[in-house]
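Undergrad: Build me a model:
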Amino acid sequence: MGIENVCYNSSMSQDLNYLIALNEFPKFGPKSLARLMGYFASAPCAWEATAPDLKLAGIHDNVINEFLEARKAINPDALMQQITDNQISVLTLTDDSYPSLLKQIYDPPYLLFIRGTLPNLDNHRSLSIVGSRKASDYGIRVAKDLTQEIAKQGIVTVSGLAFGIDEIAHRATIDVSGITIAVLGFGILNPPSAREQEVQKLIVENNGAVISEFPILMHGAKQNFPIRNRIISGISNGTLVIEAAEKSGSLITAQSALEQNREVFAVPGSITSPTSAGTNILLKNGAHMVTCAQDILNVFDMGSCTPAQVEIKQKPIGLTPEETAILETLSKTPIHIDEITRQTKLAAHQISATLSVLELKGLVQDTGGQYYTYA
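TA: Presented below is the predicted three-dimensional model:
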């Protein structure tokens, strides 16, 4: 007789306590948890099960032995207290408010731990924005500009809180009062770095959410991040890749999006740049090319950017001939000072002095390495 026929009925609060405890065992992923909850009458029943009943539930022998030993050190009530004390909310796959997009993927997380406010994604379009940790000046500028235009349209942005494009996407969204979601590759209560802590705080304070499916104190092991990436793509209507090497986590996220039948977008880059190799491959393979936010809105069938959300630059007045000549060489793509000199035919000392003045006027930005753009 299976334990589902003899185990007591538990309350919803007990179920959640024990579900969280089951999730603390690292080898119980979403499929195992779904298997257990499909077999046993309740989470407490699954937690207290004997080896024979766990085997009947479809758990492998070697995993059973590890679990029986590991659960001796796990206290379900203490775990729940930690979560409550840290104002973390928990969604299960069976909750009505579980994101419907995420529920559609092949192996949706059985539990989601949430810091902050998870928006109702049934009422919002969402776009995951990912890219290189070692973003170029071009990638940084593009990520900021595209993200802000997208967020202004009410699209929820999703990323992975990593250094580089991920962090830029979160911050750029917040800068225009948009909503962003960070998906962690570690436990929701694992102590973050100072940088991660700052960004998490900003996200939560601006009505966004930080989410994780992992055991609450799990460290960011390398193997966690491809697992995490399926959530980034799965909770979104589409994935935008801004700079990615040929072999990168961003391409894994894009592949997940394709497998989940979601839209994939990519920003073209220089054919000589290693961080554009991945995005250019995506474009060759049929990803939507993105050169402005409108390209994404068109695919999402969201109409045009409203006039108030289009940046209009007026020509500065009262400029010297040298200042005008230099500004005419600039765009949002960084240009080296040697190229500015070649195009303007000004003396090197004039170029340096005039660029300094233009920076003080807020018209030019030094992006490093003697490269300059419009501010």
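
Undergrad: Could you list the buried residues of stretch 84-99?
TA: Of the residues in stretch 84-99, those scored as buried under the neighbour-count criterion (16 or more other CB atoms under 10 Å) are 88-93, 98-99. (Glycine included, C-beta is placed from N, CA and C.)

Undergrad: excluding its backbone neighbours, what's nearest L91?
TA: L112 (4.4 Å; CB to CB, 6 or more residues apart in numbering).

Undergrad: how much space between the one you found and V357?
TA: As for L112, its distance to V357 is 52 Å (criterion: CB to CB, to the nearest Å).

Undergrad: M302 should be in a helix, yeah?
TA: No - under the criterion used here (DSSP: H, G, I helix; E, B strand; the rest coil), M302 is coil, not part of a helix.

Undergrad: Now for the closest residue to it other than its chain neighbours, how many residues are close by?
TA: Taking CB to CB, 6+ apart, and ignoring the residues beside it in sequence, M302 has Q153 as its nearest neighbour in space, at 6.4 Å. Q153 sits with 20 neighbouring residues when counted by other CB atoms under 10 Å.

Undergrad: Could you check how many residues crowd around the residue nearest to L91?
TA: Around L112 there are 24 other residues, counting by other CB under 10 Å.

Undergrad: Now name the helix or strand holding it.
TA: When elements are assigned from DSSP states H and E, L112 belongs to strand 111-116.

Undergrad: was I right about L319 contacting L327?
TA: Yes - L319 sits in contact with L327 when judged by CB atoms under 8 Å, with a separation of 7.2 Å.

Undergrad: buried residues in stretch 259-273?
TA: Taking 16+ other CB under 10 Å as the basis for neighbour counts, the residues of stretch 259-273 that come out buried are 260, 262-267, 269, 273.

Undergrad: Show the subsequent helix or strand relative to the longest helix anywhere in the chain.
TA: Once the chain is assigned using DSSP state H, the helix that runs over the most residues is helix 137-152. Counting by DSSP H and E, the next helix or strand C-terminal to helix 137-152 is strand 156-159.

Undergrad: partners of that next one in the sheet?
TA: strand 126-131 (parallel), strand 180-183 (parallel) (DSSP bridges).

Undergrad: Identify the bridge partners of G116.
TA: When bridges are assigned using DSSP bridges, the partners listed for G116 are A209.

Undergrad: Now, the buried residues of stretch 259-273 that are in strands?
TA: With DSSP state E as the criterion, strands contain 263-266 from among the buried residues of stretch 259-273.

Undergrad: re the thing from before, would you turn the strands paired with strand 156-159 into TSV with mean neighbour count, mean pLDDT and distance to E339?
TA: Putting the strands paired with strand 156-159 into TSV (neighbours: other CB atoms under 10 Å; pLDDT from 0 to 100; distance: least, CB to CB, whole Å) gives the following:
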stretch	mean neighbour count	mean pLDDT	distance to E339
strand 126-131	29	97	26
strand 180-183	28	98	36
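
Undergrad: Reformat the ones you listed into CSV and put distance to A244 next to each item.
TA: Below are the strands paired with strand 156-159 laid out as CSV (distance: least, CB to CB, whole Å):
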stretch, distance to A244
strand 126-131, 6
strand 180-183, 17
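
Undergrad: and of those, who's closest to N285?
TA: With CB to CB, the closest approach to N285 among those belongs to strand 126-131: 16.6 Å.

Undergrad: Per-residue pLDDT of G369, please?
TA: Here the pLDDT value assigned to G369 is 73.

Undergrad: How about A162?
TA: The pLDDT attached to A162 in the predicted structure is 93.

Undergrad: what's the answer for the one 10 residues further on, then?
TA: Among the per-residue scores, A172 shows a pLDDT of 96.

Undergrad: Over to K31?
TA: 94.

Undergrad: hmm, back to that, how much distance is there from the longest helix of the chain to the middle of the chain?
TA: Distance of helix 137-152 from the chain centroid (CA atoms, centre = their mean, to the nearest Å) equals 14 Å.

Undergrad: if we can go back for a sec, so the residue nearest to M302 makes contact with N298?
TA: No - with contacts counted by CB under 8 Å, Q153 stays clear of N298, the gap being 11.9 Å.

Undergrad: just to revisit the earlier point, buried sites along the longest helix of the chain?
TA: For helix 137-152, a neighbour-count test (16+ other CB under 10 Å) marks 137-144, 146-152 as buried.

Undergrad: check contacts around L36.
TA: When the contact criterion is CB atoms under 8 Å, 6 or more residues apart in numbering, the partners of L36 are 22, 28, 46, 57, 59.

Undergrad: doesn't the first one fall inside a helix?
TA: So the one you mean is L22. Yes - when the secondary structure is assigned by three-state DSSP, L22 falls within a helix.

Undergrad: quick one, strands of this protein?
TA: Secondary structure of the chain, counting by DSSP E: strands at 88-92, 111-116, 126-131, 156-159, 180-183, 209-212, 238-242, 263-266, 288-289, 335-336, 364-368, 371-374.
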